[in-house]
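Chemist: Sequence and predicted structure below; questions after.
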Amino acid sequence: MLDTTPEYTPDNWIIVKMPDTEDYKILAGWSGGYLNGSSWRLNSGIFRHEEFDDYINFIGYTGSVYRCLKDRECTRMNIMSTLAVLKSNGATQVDFCDYLQTTI
């Protein structure tokens, strides 16, 4: 059987704590090129994570996997306006190390 689980590898990413549910989510961004613009995605919420040497797999509530390179945890223009809207609604940005403290 073919595995159809969506897997995403963003150019940059951050963790956002949502105010209404206290869920943690991945806000991921992809840089655009000449023919296509930048884009972003907000996952369904972090169900669990798997940490490796260079990257972290965040598995969402819907089963999707965000393969996030550790050295790309940062805010860039492709997610800046989305983060501003989320923050205006009470969300907060959380570093991965701080997120780990909540999972102990």
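Modeler: Noted; the coordinates are in hand.
Chemist: Which stretches in the chain count as helices?
Modeler: For the chain, applying DSSP state H gives helices covering 77-88, 96-102.
Chemist: Centre-most residue in the chain?
Modeler: In the chain, the residue lying closest to the centroid (Cα atoms, centre = their mean) is Ile26, at 2.1 Å.
Chemist: what's near enough to touch that one?
Modeler: Residues in contact with Ile26 (Cβ atoms under 8 Å, 6 or more residues apart in numbering) are 10, 13-16, 41-43, 46, 58, 60, 66, 68. C-beta here means a position set from N, CA and C on the backbone, and glycine is covered the same way.
Chemist: Which residue ranges of this protein form strands?
Modeler: For the chain, strands defined by DSSP state E occupy the ranges 7-8, 12-17, 24-30, 39-42, 46-51, 55-60, 65-69, 92-94.
Chemist: tilt between the second one and helix 77-88?
Modeler: Taking axes from the mean of the first three to the mean of the last three Cα atoms, to 10 degrees, one finds strand 12-17 and helix 77-88 inclined to each other by 10 degrees.
Chemist: List the contacts of strand 12-17.
Modeler: Residues outside strand 12-17 that contact it (Cβ under 8 Å, 6+ apart): 23-29, 31, 42, 46, 66, 68, 72-76, 78-79, 83, 86, 91-96, 99.
Chemist: What distance do you get for the residue nearest to the centre of the chain to Arg48?
Modeler: Using Cβ to Cβ, to the nearest Å, Ile26 is found at 12 Å from Arg48.
Chemist: same deal with Thr4?
Modeler: Thr4 is 20 Å from Arg48, by Cβ to Cβ.
Chemist: okay, these two: which has more neighbours?
Modeler: Arg48 (10 against 6; other Cβ atoms under 10 Å).
Chemist: what sits opposite the residue nearest to the more buried one when sequence neighbours are not counted in the beta ladder?
Modeler: Using Cβ to Cβ, 6 or more residues apart in numbering and skipping residues adjacent in sequence, the residue nearest Arg48 is Ile59, 5.2 Å away. For Ile59, the beta-bridge partners are Arg48, Val65 (DSSP bridges).
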